[in-house]
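*Asks:* 3D, please:
(chains A, B, C and D)
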Number of protein chains: 4
Amino acid sequence: MDALNKLTEYFREFPGIGPRQARRFAYFLLTKSPSFADELARLVVEIKKSMRVCDSCFRFYAGKSGTVCNICSNTERNHSELMIVARDVDLETIEKSGTYNGMYFVLGGTVPILEKSPETRVRSRELLKRVDGKTDKNHLKEIILSLSATPEGEHTEEIIRALLKPIAEKNSIKITVLGRGLSTGAELEYSDADTIKNALKNRA
Amino acid sequence: MDALNKLTEYFREFPGIGPRQARRFAYFLLTKSPSFADELARLVVEIKKSMRVCDSCFRFYAGKSGTVCNICSNTERNHSELMIVARDVDLETIEKSGTYNGMYFVLGGTVPILEKSPETRVRSRELLKRVDGKTDKNHLKEIILSLSATPEGEHTEEIIRALLKPIAEKNSIKITVLGRGLSTGAELEYSDADTIKNALKNRA
Amino acid sequence: MDALNKLTEYFREFPGIGPRQARRFAYFLLTKSPSFADELARLVVEIKKSMRVCDSCFRFYAGKSGTVCNICSNTERNHSELMIVARDVDLETIEKSGTYNGMYFVLGGTVPILEKSPETRVRSRELLKRVDGKTDKNHLKEIILSLSATPEGEHTEEIIRALLKPIAEKNSIKITVLGRGLSTGAELEYSDADTIKNALKNRA
Amino acid sequence: MDALNKLTEYFREFPGIGPRQARRFAYFLLTKSPSFADELARLVVEIKKSMRVCDSCFRFYAGKSGTVCNICSNTERNHSELMIVARDVDLETIEKSGTYNGMYFVLGGTVPILEKSPETRVRSRELLKRVDGKTDKNHLKEIILSLSATPEGEHTEEIIRALLKPIAEKNSIKITVLGRGLSTGAELEYSDADTIKNALKNRA
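*Replies:* The predicted structure follows:
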């Protein structure tokens, strides 16, 4: 198999990419300059080396020295709030919204509804350790479960809530979830009963 | 112009129907039995006669006698809450959700953002009269603005809020809006800053 | 059940209309003037009375007198060509294209692939009678099978071809099908092998 | 800017990739093994080195030695037919269809409708040289213009036809285009007048 076919197969593993687009990616590279390809190759290797997983929140960050990321080591952020998100992209979306100033924990995924071993899908052990360790020293007061309002997100929420319940109660840590209601752009006519119920409950 | 073309033109006025589907509707009728056509024709005329607009909430209802609908005349509902919706279909969606037991007022539409004469688009005068008349006798305590979370919905919300402000303040009526947050099915990654801000604010 | 619900049910039978849009249609009528409703009702009844099926091509037409439509009785059209289409709307599309000047025959539908009794889906008997009767007097020279290039269209094509084969051979009538190739808007990259094969064969 | 952001920017240049998916690609790589990243990087570089442009048809191929690709050097293919396509992916689609056994020429793109300098978009000079050189020795009999049935494809077709006309006439080379008609899956009702006209013309 030649490089064109091999590269097409690699691109097919990229999220959301089918065979036709993978092929187009390969041809796209052929039409670009050698320096574009060289720099892309360099970055693909470099990203694996330069980015590291934060020891505290488990997100990827450009780690130069130390073991925790710039969010976790930021003393101006609120260390008494811990938001639990599924993935790095969720954390980025929250950060971009500019509405949260606490800590994070990245689960590394969500738990599919029929999954027998949830702990293989999310960082359960690391989360327990994180909550336990920090409550002693840092007075963790609230854990915010920030999962998507999808069946899998809600399932993950339940699992994490059950996991954290004992330690949270012992240390008087409040567990909250993101408020439900009308998302921006939502039309009333097409909203389901649950959304309306929550929108009514959260009216202000 | 023959009946086929005339009927096609009438169907084209139906909401969301283009020329091709209007044509298909006309041909569809041709393939149905005469009794189907007769009954449809009868219903089209009957609906205009048997349905009437409620004097109080302005929704359409199957009015037999009296001047207010079965919701407005229901003494077991909470008459101290008044929910303002844009259209009958919104009211139906709320009713189907089974989460609201108060009164309604149907605006009859929304106000486009550049509209110079909002009062031509919504029942402003009737709304003022409704709020004024009821507060005296029925102790209206809260008005819930239930518009869609769309630009036009929010614009209408602002206009109605400004319209009601004086009378609400005078009579100590609270004006609220539906809570914003994650709608059912919403994914965190794709949520905008406003939705996240509100979801965080409404966390519980 | 009130008129609103009954009318909604009738609209739900319209092709391509779901429960929500059926409801919107009913409310739409409520907001229109009584004269709109009256005229719509009148047309719904009138269309059933004023339109009739042509004895020759079986399309619906505004029949005043006589038994064949204005296309079938048009002596300036080419009566030696007979195009077979599935539905009235297909005939209209061909007429609008202004590229065909022969006769038509409307099958009244297509034959689903697993259908055991094709004759219940299309006007087989009437077609045979039409072809037989006309060949004697009118020198039918060509029958053009104009079905969609879909699996069901191709299946119908095969069935009609087999049905007509004996009579066509006996009377030296040529049976043709619409040419295959690139439709307007088709992109080469996304075309299937069959389309490319035909496009190559029909190159000019 | 860290490697994550830089890599995201590179992925954004990929065809059809927006900022969000580019970001997801970068995170995807972070979750893959170092060996996946290493091999991907290697292939990105290798493809630029191992693939070359054929001197005759200008497609990319895994060139080991020699100057023309395995299609152009294949003596069992028909060298008297030359098919002109816009891009390598089009050539691949034709090859996969297994319905063509002649030669190719890859234009390298199409000509946008308002483009003032068509020659900057397609390999005009190379095409003229290819046709001229080959006609002498190889008895080129037919040039098949295989462009998409889109406005830009048709515009490119006209430009190439005008470009080739003098040399084709001089050497008695026929210029043809792919046949138009119903593409696989096309429904008659939704076909435009042009498609119907061609489908009728190409009926068989």
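*Asks:* ok, residue A:122 - contacts?
*Replies:* A:86, A:107, A:108, A:109, A:110, A:111, A:156, A:159, A:160 (CB atoms under 8 Å, 6 or more residues apart in numbering or on different chains). Any C-beta I mention is one placed from the backbone N, CA and C, and that applies to glycine too.
*Asks:* repeat that with 7 Å
*Replies:* A:107, A:108, A:109, A:111, A:156 (CB atoms under 7 Å, 6 or more residues apart in numbering or on different chains).
*Asks:* distance of it from chain D?
*Replies:* Using CB to the nearest CB, to the nearest Å, residue A:122 is found at 14 Å from chain D.
*Asks:* what about that residue, which SS state?
*Replies:* Secondary structure assignment for residue A:122 (DSSP: H, G, I helix; E, B strand; the rest coil): coil.
*Asks:* circling back: filter the contacts of residue A:122 down to the ones near chain B?
*Replies:* By CB under 7 Å from any CB of the partner chain, no member of the contacts of residue A:122 lies near chain B.
*Asks:* next step: these restricted to helices.
*Replies:* The helices, defined by DSSP state H, take in residue A:156 from the contacts of residue A:122.
*Asks:* A strand includes residue A:103, no?
*Replies:* Yes. When classified by three-state DSSP, residue A:103 is found to be part of a strand.
*Asks:* just confirm it contacts residue A:84, I think it does.
*Replies:* No. If you go by CB atoms under 7 Å, residue A:103 and residue A:84 don't touch, sitting 9.8 Å apart.
*Asks:* contacts only, for residue A:121.
*Replies:* A:109, A:110, A:111, A:115.
*Asks:* distance of the residue most central in space within chain A relative to chain D?
*Replies:* By CA atoms, centre = their mean, chain A has its centre lying nearest to residue A:87, at 1.6 Å. Using CB to the nearest CB, residue A:87 is found at 7 Å from chain D.
*Asks:* contacts only, for that residue.
*Replies:* Taking CB under 7 Å, 6+ apart, we find residue A:87 in contact with A:106, A:109.
*Asks:* and if you look at residue A:115?
*Replies:* Going by CB under 7 Å, 6+ apart, the list of residues near residue A:115 reads residue A:121.
*Asks:* assign a three-state SS to it, would you?
*Replies:* Strictly by three-state DSSP, residue A:115 counts as coil.
*Asks:* ok, residue A:24 next?
*Replies:* helix.
*Asks:* and for the residue nearest to it when sequence neighbours are not counted, the neighbour number?
*Replies:* Among residues not flanking residue A:24 along the chain, residue D:15 sits closest, at 5.3 Å (CB to CB, 6 or more residues apart in numbering or on different chains). Residues contacting residue D:15 under the criterion other CB atoms under 10 Å in any protein chain shown number 10.
*Asks:* secondary structure element holding residue D:15?
*Replies:* Residue D:15 is part of no helix or strand when elements are defined by DSSP states H and E.
*Asks:* now it. Its backbone dihedrals?
*Replies:* Backbone torsions of residue D:15, given as degrees, to the nearest 10, read phi -60, psi 130.
*Asks:* and chain A, what are its domain boundaries?
*Replies:* A:3-52, A:60-177 (automatic domain parsing).
*Asks:* residue A:103 and residue A:84: which is more packed in?
*Replies:* More crowded of residue A:103 and residue A:84, by other CB under 10 Å: residue A:84, with 28 against 24.
*Asks:* quick one: pLDDT of the residue lying closest to the more buried one once chain neighbours are set aside?
*Replies:* Nearest residue to residue A:84, sequence neighbours excluded (CB to CB, 6+ apart): residue A:105, at 4.9 Å. Residue A:105 is assigned a predicted lDDT (pLDDT) of 98.
*Asks:* got it, and residue A:34?
*Replies:* 93.
*Asks:* which strand runs longest in chain A?
*Replies:* In chain A, taking DSSP state E as the definition, the longest strand is strand A:78-85.
*Asks:* immediately after the least confident helix or strand in chain A by mean pLDDT, which helix or strand?
*Replies:* Ranked by mean pLDDT, DSSP states H and E, the weakest helix or strand in chain A is helix A:124-138, scoring a mean of 78. Downstream of helix A:124-138, the first helix or strand assigned by DSSP H and E is strand A:142-145.
*Asks:* what helices or strands is that next one leaning on?
*Replies:* strand A:78-85, helix A:151-170, strand A:174-177 (3 or more CB pairs under 7 Å, 6 or more residues apart in numbering or on different chains; DSSP states H and E).
*Asks:* pick the most buried one from those.
*Replies:* Counting by mean count of other CB atoms under 10 Å in any protein chain shown, strand A:78-85 has the highest mean neighbour count of the helices and strands packed on strand A:142-145, with a mean of 21.
*Asks:* dump that one to CSV, keeping only the CA atoms.
*Replies:* Extracted in CSV, the C-alpha atoms of strand A:78-85 (Å, rounded to 0.1, in the frame of the first residue of the first chain):
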residue,chain,number,x,y,z
ASN,A,78,-11.8,30.2,43.6
HIS,A,79,-10.4,27.0,44.9
SER,A,80,-13.5,26.2,46.9
GLU,A,81,-15.5,25.4,43.7
LEU,A,82,-14.8,22.3,41.6
MET,A,83,-16.5,21.9,38.2
ILE,A,84,-16.6,18.4,36.8
VAL,A,85,-16.6,18.2,32.9
